[in-house]
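A.B. asks: Quick one, what's the 3D model for this:
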Amino acid sequence: MKNILVLCTGNSCRSQIAEGYLRHFAGNKANVYSAGIETHGVNPKAIQVMKEDGVDISQHTSNNIDEYINVDFDFVITVCDNAKENCPYFPSNAVKFHYNFPDPAKAVGSEEEVIVQFRDVRDMIKEYSRNFVSGNLK
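C.D. replies: This next block holds a predicted model:
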């Protein structure tokens, strides 16, 4: 079984969404973890938009990268430039992937406009996660 780590700045939105979809698509082919270089708690809007798509991340926790120092990862996926540039070094032979998704937590506008931006990012991450699993977990 493969170990996958998804990294973001605060482990509140993008990495949580990716963890949810990677678990969903990978099934029993991988252990999926997410972490941040900081911890900001799981964003309620991320939980909401994932629930709309049938994936429950309400029990996820916001974790710091330091918590996984002893896990031997096969893949590390950074989902924002800040995490890619500022992630502390930890020894790993993991294959690294990077995609800078927009940060829905920084969305502005009415409540409906903000939730639309969360859904847009969710859908981008869903497609990325589906493709990642089909291309890397055969």
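
A.B. asks: So which elements touch the helix or strand hosting residue 33?
C.D. replies: Using DSSP states H and E, residue 33 sits in strand 30-36. Identification of packing neighbours for strand 30-36 by 3 or more CB pairs under 8 Å, 6 or more residues apart in numbering; DSSP states H and E yields strand 2-8, helix 14-26. Bear in mind the C-beta positions are built from the backbone N, C-alpha and C, glycine included.

A.B. asks: And the shortest one, what does it pack against?
C.D. replies: For strand 2-8, the elements it packs on are helix 14-26, strand 30-36, strand 75-78, helix 81-86, judged by 3+ CB pairs under 8 Å, 6+ apart.

A.B. asks: Which of those has the lowest mean pLDDT?
C.D. replies: Between those, the one with the least mean pLDDT is helix 81-86; it has a mean of 65.

A.B. asks: Moving C-terminal from that helix, which element do we reach first?
C.D. replies: Downstream of helix 81-86, the next assigned helix or strand under DSSP H and E is strand 95-98.

A.B. asks: Give me the helix or strand of this structure that scores worst on average pLDDT.
C.D. replies: Ranked by mean pLDDT, DSSP states H and E, the weakest helix or strand in the chain is helix 81-86, scoring a mean of 65.

A.B. asks: Low-confidence stretches in this structure?
C.D. replies: 82-91 (pLDDT under 70).

A.B. asks: Would you tell me which helix is longest in this structure?
C.D. replies: helix 111-136 (DSSP state H).

A.B. asks: Would you mark the buried spots in it?
C.D. replies: 114-115, 117-119, 121-122, 124-126, 128-129, 132-133, 136 (16 or more other CB atoms under 10 Å).

A.B. asks: mind checking the end-to-end distance for stretch 49-66?
C.D. replies: 28 Å (CA to CA, to the nearest Å).

A.B. asks: how far away is residue 76 from residue 44?
C.D. replies: Distance, residue 76 to residue 44, by CB to CB, to the nearest Å: 27 Å.
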